[in-house]
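**Q** This is a predicted model, with the sequence first.
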Amino acid sequence: MGAIALLTACDALKPYTPPRPPIKGALTFYVSPDGDDERDGLSEATAWRTLARADQVPFRPGDRLRLKGGERFAGRLTVGPGDAGSAVKPVVIDSYGTGRATIATRGTAGIAVYNTAGVEIRNLTIIGDAKAQRSADGITFFNDLRAGKTLDHVRISGVDVSRFQHGIRLGTGPRSSGFRDIQISDSAVHHNQDGGLVTYGPPFRAKDPGYAHERLVITRVKAYSNPGDPTADDRNTGSGIVLGSLRGATVQQSVSYDNGAKSSAVAQEGPEGIWTYDSTRVVIQNNKAYRNRTGSRVDGGGFGLDNNVSSSVLQYNLSYGNDGAGFLVYSGESTNAHKDNVVRFNYSWDDARKLPWYGGIVAYGNLMRNLDIYHNTVILRSSGIERPPALRLRNGMSGVGIRNNIFVTNGSPVVDSDTNYTQALVRLQGNDYFSTTGDWKLQWGRTRYSDLDAWRKRAGQEQMGAVVTGSSADPCLMGAVAPVTDRAGATPLVSQCADELEGAVTLRSVGVDPGPVDYFGARLSTAPSAGAAQARAED
């Protein structure tokens, strides 16, 4: 009893700070360098001074924490199980006044949300230090509730996050569900060590697939200069946007560049610009990925559909100047879970700059099935001794259709397949294969062909029954001195002699729905031509 009395007496000497003003309903709290932590924080005039004081408040639905714009605040913010928001009445953390407020951490996360959701983070700059860059994430959402409860409503917009291990990261424990209804927009994640924007979940179970997160939309996010960890030779680091364990996601109007240069993974994995794994129903569209690197001999590409991805689409994207493949579709696990994917209406321009054993579009892997690759334009120009192909195929696939693409190289094989695929497994129809040097080559299994007709007759490709398909004509690509920029960009790589590229096939006749528009958003014609840009449909 004496000890208890002594502790009570000591505690009584401390000034009492109420954790939350006794006011019913949602509250708005303010933090300013001119504030005072002894005040109530309920107005700009009575703002608190520190993040530490603001972090004592148990948030309730509809509460808002506002940091003075243009000012810098040391420390971090945490939102935990004792805090509660909802989709209808979220907890909002943002800036007020002019400009963004800055949260500058000291070896910790900037904003950490744990086992709760209904949270919106807006209009903030969050910056770490050397210690945070090794071991903390800028904005982190983590759920390890054992009941498998998925937490609803996450919004992140208008943030700039740098100098952490990851910029923005959402994840779960090994037996937990994650988050649902997630929107991340108009933000930048850069100069983080391991990655820009990342989601992850429990290990994938092929016999009983489960996905940690649902309904994610990423719009207008810039992920750049996330170099990777040169000491991490046992794991994947240095990617821009990585989507793992998702059911239903869209990445759009985003850009990933200059990532991965210091990565050092020695296993068969490495960084990519924008990619997904262990996920289903993911759409990656209208994005750019360029100058992404790898510090090892693997990956370093633009876009990827990796292990255990199903019912997903890469469309209307631009990839150029990456170390590895422009578009990589890969399965390294024999799970039968990599299936029913589409790569369509994309551009790859001078990819595989460092790693010629890739190519513009690369597809291979264990038990990969039901993949459609159509209406892409791939141009690869290389001055190296080893020159990458526009299309590289390797073993392990079935049910693959490759149709109505333009493949252009300057001396390397336009297509390089290490397997002598028959049409029963992989079917090429309606593509244009062109060499700018006139030295036309195509590698198919152990045989190298020097003209399209010889390959067609011996391998059985580029035929529909008795009908000959495909072409090796010059696609006459306008402006083939600079890459396409975007839909409103300067010089599109559009064929100026589409009518001369005979041999394209009508996709609907082979059971493929090509969608409504081409790369530039033009409505598709009933008379298709090869490539990502189509002749304009008649009104």
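**A** Perfect, thanks for sending it. Residues are numbered from 1 along each chain as shown.
**Q** Grab the nearest non-local neighbour of Gly196.
**A** Ala223 (3.3 Å; C-beta to C-beta, 6 or more residues apart in numbering). Where C-beta positions appear, they are placed from N, C-alpha and C, glycine not excepted.
**Q** That neighbour touches Val198, doesn't it?
**A** No. Because the distance of 9.9 Å does not satisfy C-beta atoms under 8 Å, Ala223 is recorded as not touching Val198.
**Q** Neighbour count for these two, which is higher?
**A** Ala223 (31 against 25; other C-beta atoms under 10 Å).
**Q** hmm, back to that, the residue nearest to Gly196 - that's part of a strand, no?
**A** Yes. Going by DSSP: H, G, I helix; E, B strand; the rest coil, the assignment for Ala223 places it inside a strand.
**Q** Tell me who's in contact with it.
**A** With contact set as C-beta atoms under 8 Å, 6 or more residues apart in numbering, Ala223 has these partners: 167, 188-190, 196-197, 240-241, 254-257, 259, 273-274.
**Q** ok, of those, which come out buried?
**A** With neighbours counted by 16 or more other C-beta atoms under 10 Å, the contacts of Ala223 contain buried members at 167, 188-190, 196-197, 240-241, 254-257, 259, 273-274.
**Q** circling back: which residues are common contacts for Ala223 and Val198?
**A** When C-beta under 8 Å, 6+ apart defines a contact, the residues bordering Ala223 and Val198 alike are Ile241.
**Q** Now do Asn317 against Leu305, distance only.
**A** Here Asn317 is placed at a distance of 12 Å from Leu305 (C-beta to C-beta, to the nearest Å).
**Q** got it, and Gly430?
**A** Counting by C-beta to C-beta, the separation of Gly430 from Leu305 is 22 Å.
**Q** now swap in Arg53 and tell me
**A** Distance of Arg53 to Leu305, given as C-beta to C-beta: 47 Å.
**Q** Which one's more surrounded, these two?
**A** A direct count of neighbours by other C-beta under 10 Å for Arg53 and Leu305 places Leu305 higher, at 29 against 20.
**Q** wait, isn't the more buried one in contact with Ser312?
**A** Yes. Shown here, Leu305 and Ser312 form a contact pair, counting by C-beta under 8 Å, at 5.8 Å.
**Q** what about Ala249, is that helix, strand or coil?
**A** Three-state assignment for Ala249 (three-state DSSP): strand.
**Q** Not counting its neighbours along the chain, what's nearest it?
**A** For Ala249, ignoring the flanking residues on the chain, the nearest one in space by C-beta to C-beta, 6+ apart is Leu216 at 4.1 Å.
**Q** buried sites along the helix or strand where that neighbour lies?
**A** Take DSSP states H and E as the rule and Leu216 turns out to sit in strand 213-224. Counting neighbours by 16+ other C-beta under 10 Å, one finds that the buried residues in strand 213-224 are His213, Glu214, Arg215, Leu216, Ile218, Thr219, Val221, Lys222, Ala223, Tyr224.
**Q** Quick one, grab the pLDDT at the first one.
**A** The predicted local confidence for His213 comes out at a pLDDT of 97.
**Q** now do the fifth one
**A** Each residue has a pLDDT score; the one for Ile218 is 98.
**Q** Give me the distance between it and Ser135.
**A** For Ile218, the distance to Ser135 (C-beta to C-beta) stands at 25 Å.
**Q** The last one now?
**A** Tyr224 is 22 Å from Ser135, where distance means C-beta to C-beta.
**Q** now the strands: where do they sit in the stretch 401-539 of the chain?
**A** Remark: strands of the stretch 401-539 of the chain, listed N- to C-terminal, are 406-409, 415-417, 426-429, 432-435, 442-444, 447-449, 463-464, 467-468; assignment by DSSP state E, counting those that start in this stretch.
**Q** Show me what the fifth one is in contact with.
**A** Translated: strand 442-444. So strand 442-444 is contacted by 389, 413-417, 420-421, 433, 448-449, 452, 455, 459, 461 (C-beta under 8 Å, 6+ apart).
**Q** are any of those buried, and which?
**A** Neighbour-count burial (16+ other C-beta under 10 Å) is assigned, among the contacts of strand 442-444, to 389, 413-417, 421, 433, 449, 452, 455, 459, 461.
**Q** what's the residue lying closest to Ser331 once chain neighbours are set aside in contact with, if anything?
**A** The shortest distance from Ser331 to any residue other than its chain neighbours is 3.0 Å, reached at Gly365 (C-beta to C-beta, 6+ apart). Each residue near Gly365 by C-beta under 8 Å, 6+ apart is listed here: Val329, Tyr330, Ser331, Gly332, His338, Arg394, Gly396, Met397.
**Q** swap in Pro227?
**A** For Pro227, the residues meeting the contact criterion (C-beta under 8 Å, 6+ apart) are His191, Gln193, Gly238, Asn259, Gly260, Ala261, Lys262, Ser263.
**Q** same question, Leu151
**A** Shown in contact with Leu151 (C-beta under 8 Å, 6+ apart): Asn115, Thr116, Ala117, Gly118, Asn143, Leu145, Ser177, Gly178, Phe179, Arg180.
**Q** For the first one, the count of nearby residues, please.
**A** What it means is Asn115. As a burial measure, Asn115 scores 18 neighbours (other C-beta under 10 Å).
**Q** how about the nearest residue to it, chain neighbours excluded?
**A** Pro81 is the one closest to Asn115 (C-beta to C-beta, 6+ apart), at 4.5 Å.
**Q** What of the fourth one?
**A** Excluding the flanking residues, the one nearest Gly118 by C-beta to C-beta, 6+ apart is Gly85, at 2.9 Å.
**Q** Surely that neighbour touches His153?
**A** Yes. With contact defined as C-beta under 8 Å, Gly85 and His153 form a contacting pair (7.3 Å).
**Q** out of the two, which sits in the busier spot?
**A** Between Gly85 and His153, counted using other C-beta under 10 Å, the more crowded position is Gly85 (25 against 20).
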